[in-house]
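Enquirer: Let me see the structure of the following:
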Amino acid sequence: MSTSHVALGIASDDRKARLAKLKTLKRKQPADEIVAPESERSASPPAEVDIAAQHLPPPTLGMEGPTLEEQAALVEEETRAQAAENAKDDQGIDLFKLQPKKPNWDLKRDLEKKLEVLNVRTDNAIAKLVRERIANAQAAANKTAQPIAADGDDGSTEAAGMDGVALVEGLRVREREEEEERREREEEDLA
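Expert: Numbers count the residues shown, from 1 in each chain. Below is the predicted model:
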């Protein structure tokens, strides 16, 4: 009986060792894999599998865009490229690049908005002056003109209106002024 006890003890120890090995293998294998029966298993132990890699996702999973390290590498690359470009341009600061192309750009900025109001006022003042000239010319013509019979029923007489020459002269003056303004605007646009 002692031999059978010894044989049974060795068999139980061997079985315990195999069960412990099977337990560690089950822990190391993913849940979806099925453990092969002992007869299909190889005699050599399987290679160690990193459990943390299987169960923990990488920190960048689901993130959009470059990581902080990639961004730092891009900034470093841009800085080196800019430093190389600056080293190539050792001539210093070019003053022509600093100044604006048109020296009076700041004076002309927002000037059009202000000029619109002034142009309206100027047009109104010119129209007023032309009307006054016409009225004065009509008054002078009324004094010197001979009375002409009107078609009215009361038999009153009216003086002839403004002299045609004065009216044409007023229109020509206005056209010249408009032409000068147009030329000035074109010159300013070209400058």
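Enquirer: all helices for this structure, in order.
Expert: Applying DSSP state H to the chain gives helices spanning 2-28, 51-55, 68-88, 95-98, 105-108, 111-144, 164-190.
Enquirer: Could you check how far Ala127 is from Leu19?
Expert: Separation of Ala127 from Leu19 (C-beta to C-beta, to the nearest Å): 113 Å. Using the backbone N, CA and C atoms, a C-beta is placed for each residue, glycine as well.
Enquirer: Save the helices of the chain as CSV, and put in mean neighbour count and mean pLDDT too.
Expert: Putting the helices of the chain into CSV (neighbours: other C-beta atoms under 10 Å; pLDDT from 0 to 100) gives the following:
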stretch, mean neighbour count, mean pLDDT
helix 2-28, 10, 85
helix 51-55, 9, 67
helix 68-88, 10, 87
helix 95-98, 7, 68
helix 105-108, 10, 72
helix 111-144, 12, 87
helix 164-190, 11, 85
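Enquirer: mind giving me the domain split of this protein?
Expert: If you go by automatic domain parsing, the domain ranges for the chain are 2-43, 105-190.
Enquirer: possible to save those domains as TSV with distance to Ala73?
Expert: Output for the domains of the chain, formatted as TSV (distance: least, C-beta to C-beta, whole Å):
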stretch	distance to Ala73
domain 2-43	35
domain 105-190	41
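Enquirer: Between those, which one is closest to Glu78.
Expert: Glu78 lies closest to domain 105-190 among the domains of the chain, at 31.2 Å (C-beta to C-beta).
Enquirer: what distance separates the start and the end of that closest one?
Expert: 13 Å (C-alpha to C-alpha, to the nearest Å).
Enquirer: Then stretch 88-104?
Expert: Taking C-alpha to C-alpha, stretch 88-104 runs 33 Å from one end to the other.
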